[in-house]
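Colleague: What follows is a predicted protein model with its sequence.
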Amino acid sequence: MELLEFCQKLPKIELHAHLNGSLSPETLTVLNTPIEDIKTYQLLTKLDCIEDQLNLAFTLFKIAHNATNMIESTYLATKHVIEEFHKDNVIYLELRTTPRAEPQMTKRDYVNTIIKAIREQNLITVKLLLSINRGHCLKESEETLNLILEMHELYPDIIKGVDLSGNPNVGIFSEAMFIKARKSGLKITLHCAEVLNNEEVKQMLEFKPDRIGHGTFIHPTYGGSTENWKLCSDLRIPLECCLTSNVLCNTVQSYKEHHMCEWVENNLPFNINTDDKGVFSTTLTKEYFYAAHHLNLSKESLYNCSCIAIDSSFASEEEKLKLKTYLKEWKDKHLELF
Ligand SMILES: CNc1ncnc2c1ncn2[C@@H]1O[C@H](COP(=O)(O)O)[C@@H](O)[C@H]1O
Ligand SMILES: [Zn+2]
């Protein structure tokens, strides 16, 4: 109990959270989602392990997408998600989402609405990463990228990066688009090695993204090539860890056997995140707790994890300094918790 309390009180940094995967049952209720759909949305938390859990996860996002298919509901959803992270003592949040057009909302409306919700709150510092879905065709992705570049020019202090996500079993990594995004000053984070695909992982690592999401199948223990693991550890690209997401998608066997062990052993920079706190019924507090409980991270390591996450964030140098000072002062005031 004491450890859980420490994890709750610790000011935390969330770097990997998909907006529509982060809607809680309470938020879905506010958005008038039928109760049966809310139960289905969290289906993975109730299933005994089935093989195809990762593919199943991608069908569940449809429920959240139905709930946020209008400007008003997208605004409300964003507002609620930020409030919930704030309640969980997250002091800096990088929210990511895929620009989406609906019959009553263009992709531009969608992004503008989320930005409006971010600007109209003053609870915590929130940045937006815009995602390209690897399952979309090149034409659609290029259209999305052009919108991202335009919006980035308008809101450079909020839109900080581009993410590649979507079902890792479909689509490809199209490097040219990310080169273009990088040239215009956006940071890049790629969902990488969520499934075994050494060739794609090599391409991604050689591109040198600013951060790597999941990185499950990079170490040779999990089928990765020695070449990719060497590249990954030499480059020291910060890794975004999402424990519960990986366990529930069945890409790792258990918390204890999570590939984060290899990162800890090799002293690689990593951060702890929720991925989809709604779909996976988790919180950042719980994720910190699981890391400590199952992977033996000390309270001091959890604190350091929060500090390292600041360095790996896409915030400005000035914002990073402020966050670090806040954390340092928090520690000085709470030494009895350690
Ligand atoms: C489980 N691991 C994961 N791997 C890859 N992509 C994921 C993901 N979890 C979520 N997404 C991506 O985020 C979308 C939902 O949020 P947004 O509509 O963008 O806000 C999903 O449709 C998927 O493209
Ligand atoms: Zn993700």
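Modeller: Looks like it arrived, so ask away. Ligands and ions are numbered 1, 2, ... in the order given.
Colleague: for the stretch 201-338 of the chain, what spans make up the strands?
Modeller: 211-214, 239-241, 270-272 (DSSP state E, counting those that start in this stretch).
Colleague: what is the mean pLDDT for the longest one?
Modeller: Throughout strand 211-214, pLDDT has a mean value of 98.
Colleague: just the second one next, same as before
Modeller: The average pLDDT for strand 239-241 rounds to 98.
Colleague: So which elements touch that strand?
Modeller: strand 211-214, helix 260-265, strand 270-272 (3 or more C-beta pairs under 8 Å, 6 or more residues apart in numbering; DSSP states H and E). Heads up, the C-betas are built off the backbone N, CA and C, glycines and all.
Colleague: Of all these, which one comes closest to Phe173?
Modeller: Ranking the helices and strands packed on strand 239-241 by proximity to Phe173 (C-beta to C-beta) places strand 211-214 first, at 12.1 Å.
Colleague: This protein against ligand 1: which residues are in contact?
Modeller: 18-21, 57, 61, 97-98, 131, 133, 165-166, 191, 194, 245, 249, 275-276 (C-beta under 6 Å from any ligand atom).
Colleague: what kind of secondary structure is the residue nearest to Ser141 when sequence neighbours are not counted in?
Modeller: The shortest distance from Ser141 to any non-neighbouring residue, by C-beta to C-beta, 6 or more residues apart in numbering, is to Ile132 (5.1 Å). Under DSSP: H, G, I helix; E, B strand; the rest coil, Ile132 falls in the strand class.
Colleague: Okay, and the beta partners of Ile132?
Modeller: Using DSSP bridges, the bridge partners assigned to Ile132 are Leu164.
Colleague: which regions of the chain sit below the pLDDT cut-off?
Modeller: 1 (pLDDT under 70).
Colleague: how about 80 then?
Modeller: 1, 48-51 (pLDDT under 80).
Colleague: Check the gap between the residue of it positioned farthest from its centre and Arg100 for me.
Modeller: For the chain, the largest distance from the centre (C-alpha atoms, centre = their mean) belongs to Glu336, which lies 31.2 Å off. Distance, Glu336 to Arg100, using C-beta to C-beta, to the nearest Å: 47 Å.
Colleague: Assess the claim that the residue nearest to Ser141 and Thr97 are in contact.
Modeller: No. Counting by C-beta atoms under 8 Å, Ile132 stays clear of Thr97, with 11.2 Å between them.
Colleague: and for these two, which residues touch both?
Modeller: Residues touching both Ile132 and Thr97 by C-beta atoms under 8 Å, 6 or more residues apart in numbering: none at all.
Colleague: which residues does the residue of the stretch 151-300 of the chain found nearest ligand 1 contact?
Modeller: Per C-beta to the nearest ligand atom, the residue of the stretch 151-300 of the chain with the smallest distance to ligand 1 is Ser165, at 3.4 Å. Each residue near Ser165 by C-beta under 8 Å, 6+ apart is listed here: 18, 96, 98, 131-134, 191, 213.
Colleague: Also Gln8?
Modeller: Applying C-beta under 8 Å, 6+ apart, we find Gln8 in contact with 88-89, 285.
Colleague: measure it to Asn197 for me?
Modeller: 37 Å.
Colleague: which residues of the stretch 51-200 of the chain fall in strands?
Modeller: 90-97, 125-133, 159-165, 187-192.
Colleague: Please produce TSV containing the ones you listed, extended by distance to Arg119.
Modeller: Output for those, formatted as TSV (distance: least, C-beta to C-beta, whole Å):
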stretch	distance to Arg119
strand 90-97	13
strand 125-133	9
strand 159-165	12
strand 187-192	20
